[in-house]
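1. got a predicted structure plus its sequence, pasted below:
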Amino acid sequence: MLGTLKGVMQAPVTPLKDDFSFDGDGFAKMVDFHVRHGAPAIAWPHHKAESLNLTIGERKLGAEIAVKTVAKRVPVSIFVGTLSEEDSLDLARHAERIGADMILTISPYCRRPAQQEIFDSIVRIGTHTDLPVLTYNSPWRNGEGVEFTGELTRRLIDRLPNYIGMKDASFHSQKFLEISRVALKMRPGFAIIQGVEHLLAAYPLGACGSFSSSGAIAPNLCNKFFASLEARDWASARECQFKISRLWRLFKEQYPSSLKGAMIMMGRPVGPTRSPLPTATKERIAFLRTQLEELDIMRTEPQGW
Amino acid sequence: MTPFKPGLVHTPVTPFKRDQSIDFDAYARLIEFHLRHAADALALPMPEGEDLSLTDAEQRRLIEFAVKQVKGRVPVMANVSDAGTSIAVDRAIHAEKSGAAAIVSHPPYFWHPKPSMVVEHLARIGSAVRLPFYVVSPPVESAGTALTTEIALELIERLPNLAGVVDASLDFVFMEEVISNGQRLRPGFQLLAGADFIVSASALGGSGVFSPLSGIAPKLVRTLFELCSRDEFIEARQAQEDIGALHHAIKEAGASGLMDGLAGLKTALVHMGRDCGLPRPPVRPLGEIERGRLAATLAGMAFLRAEPRGW
């Protein structure tokens, strides 16, 4: 089922009911919306899906709904990164059992692991499952975060035959190139997927696509963007990238509160955001509306489900 | 007036003698080398030129010397960055009088200023001269303050001569935001790649580069720049990967906590037959084992065989 990973892949948000409980029916609708609007793959639950705010039970339930709803139309990636490695192993086993196509993982974060600790952690998860494995490069400024250097990537490719790609959230010319020039030589087809769609700067250097921040609002824009890249229509790609960049600026504050807020006016309400993240206020939603109108999103993107 | 477009800008190192004084004979040779190898402009002394290790008088002297040596063949862009606003302002005025074609400045080093203070610092430098003015967005690892899109946009409002941003942050998000918003306020606002990672900046609409590696591999840098100038980004990938490998080898050489690659850069210059001496303290020169390791890595880079050896 795996095929070639490419394009702006969709990472659905997690719909919640008004009492903040997980909305399974809403989630199935969300996933189906993405597939019908051209998502080349579905990936859940990323930070945008409030992954760290979901119980392990909810994550398993959501993974089952995703796999069932997608029904093999496109590949499904399940994120198994957690605060505790034991939970990640459990989620990886579960993903394999229910028929997911791959897992995405990171070593337990919030702890500044050393390169060797990240290596050990990924090897432990990667040898624990037969599923293809993606890792999540999330370096922050000043050496915080979990960073996959080119050298670490090389060692992991060497060690794990099922290591197929990287979600790269470095968004940095040098860091990206360190990974791409090493990985793509060792394992042609290694999928380097931008963490959100800051894709234009990386595509010519071998990025195969991105996970999406804005796809729940503007799937047409996402698809047009990737088509422009494949056609090497750089002027159109720039226009799309700059528009997506403006959307990202709107959404990244307390992500995904504003994104969920903006979905209301697209006719796709997905409920509140769990604490400690705030739920978008009425004023914030009114501001988002003016911005989406200015960007011509309301006219060019699908309304409702 | 035709807008100033710097193109492929070489950023020479500063050669030192054994007593650590500036070696002006070597500097003259180095400038001629850069001009012979197709520099569209020179910018100095940039961080690769160890600007932080030079006195104010030396920095002025370097600009005067370079302008005389170049004799108008290409524009000379003067880096006037300093921690103190008045020091940088005076150096900018001096550079203009000396015949520099443009002024370059980082945000103020060392302090942790609020954005309004950064704007004030840079606005004073820019308004002290009539020359085109470029602000540098520092590497993400560097201490001190970042240059945000908001700061750049405010500077566009305040400075008619603000020509563009030289991006050494290598941050995709910053590049996207600063060029798209900057060009809305000032059509023709430029984004220049602040290191030799030209593909990403150019794909986003960047139009030039400050190239530290042009002292080592000027032909490859020129090839990469030309491909990017023609929007042939996919075709540029191999050249960009070669440059990436060279950059990596130089930056990783040695155990400098500064991670600036200065010691590696000067060692690589020696390897190419263009001895510019050792870096000044506090940059630690490479030890014998590190030098050998870097030399072996460089010897293994087939693409370097096409590059000029010696002066």
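-> Received the coordinates, thanks. Numbers count the residues shown, from 1 in each chain, chains lettered A, B, ... in the order given.
2. phi and psi next, for the residue lying closest to B:L213 once chain neighbours are set aside.
-> Nearest residue to B:L213, sequence neighbours excluded (Cβ to Cβ, 6 or more residues apart in numbering or on different chains): B:D196, at 4.7 Å. (Glycine included, C-beta is placed from N, CA and C.) Backbone torsions for B:D196, taken as degrees, to the nearest 10, come to phi -80, psi 20.
3. ok, now A:E253?
-> Torsion angles, degrees, to the nearest 10, at A:E253: phi -60, psi 120.
4. what's the neighbour count on it?
-> A count of neighbours around A:E253, defined by other Cβ atoms under 10 Å in any protein chain shown, yields 12.
5. also B:D23?
-> Counted with other Cβ under 10 Å, B:D23 comes out at 19.
6. on that earlier part again, give me the neighbour count for the residue nearest to B:L213.
-> By other Cβ under 10 Å, neighbour count at B:D196 equals 26.
7. again, but for B:A28
-> Neighbourhood size, B:A28 [other Cβ under 10 Å]: 15.
8. in this structure it contacts B:Q69, no?
-> Yes. Counting by Cβ atoms under 8 Å, B:A28 does reach B:Q69; the two are 5.4 Å apart.
9. contact residues of the stretch 51-200 of chain B facing chain A?
-> With Cβ under 8 Å from any Cβ of the partner chain as the criterion, the stretch 51-200 of chain B comes near chain A at residues B:140-141, B:170-173, B:175-177, B:180, B:193, B:195, B:197, B:199-200.
10. hey, where'd the helices end up in chain A?
-> With helices called from DSSP state H, chain A shows them at A:24-36, A:56-70, A:85-98, A:115-126, A:150-159, A:173-186, A:219-230, A:234-251, A:257-265, A:282-294, A:297-300.
11. just send those helices back as CSV, with distance to chain B and mean pLDDT too.
-> Shown next, in CSV, are the helices of chain A (distance: least, Cβ to the nearest Cβ, whole Å; pLDDT from 0 to 100):
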stretch, distance to chain B, mean pLDDT
helix A:24-36, 24, 98
helix A:56-70, 28, 98
helix A:85-98, 28, 97
helix A:115-126, 14, 95
helix A:150-159, 7, 98
helix A:173-186, 4, 96
helix A:219-230, 9, 98
helix A:234-251, 4, 96
helix A:257-265, 17, 94
helix A:282-294, 12, 94
helix A:297-300, 16, 95
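12. which one of the ones you listed lies closest to B:V166?
-> For B:V166, the closest of the helices of chain A is helix A:173-186, at 13.6 Å, according to Cβ to Cβ.
13. which ones are touching A:D130?
-> A:E96, A:N162 (Cβ atoms under 8 Å, 6 or more residues apart in numbering or on different chains).
14. how close does it get to A:E96?
-> As judged by Cβ to Cβ, to the nearest Å, A:D130 and A:E96 stand 6 Å apart.
15. circling back: dump the helices of chain A to TSV, plus mean neighbour count and distance to B:R309.
-> Listed next are those as TSV, based on neighbours: other Cβ atoms under 10 Å in any protein chain shown; distance: least, Cβ to Cβ, whole Å:
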stretch	mean neighbour count	distance to B:R309
helix A:24-36	19	56
helix A:56-70	19	58
helix A:85-98	18	52
helix A:115-126	18	36
helix A:150-159	18	28
helix A:173-186	22	25
helix A:219-230	21	40
helix A:234-251	20	37
helix A:257-265	23	56
helix A:282-294	14	56
helix A:297-300	14	56
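16. so which of these gets nearest B:A39?
-> B:A39 lies closest, by Cβ to Cβ, to one member of the helices of chain A: helix A:173-186, at 21.7 Å.
17. just checking, B:V140 touches B:L170?
-> Yes. Using Cβ under 8 Å, B:V140 is in contact with B:L170, at 7.1 Å.
18. which residues do these two both contact?
-> Common neighbours of B:V140 and B:L170 (Cβ under 8 Å, 6+ apart) are A:H172.
19. pLDDT check: weakest of the residues of the stretch 51-200 of chain B next to chain A?
-> Within the set of these, pLDDT is lowest for B:E141 (71).
20. show the backbone phi and psi for that residue.
-> Residue torsions, per degrees, to the nearest 10, at B:E141 are phi -80, psi -10.
21. go on, B:V136?
-> Phi and psi for B:V136, reported as degrees, to the nearest 10, are phi -100, psi 130.
22. what number of residues lie near it?
-> Residue crowding around B:V136 was assessed by other Cβ under 10 Å; the count is 24.
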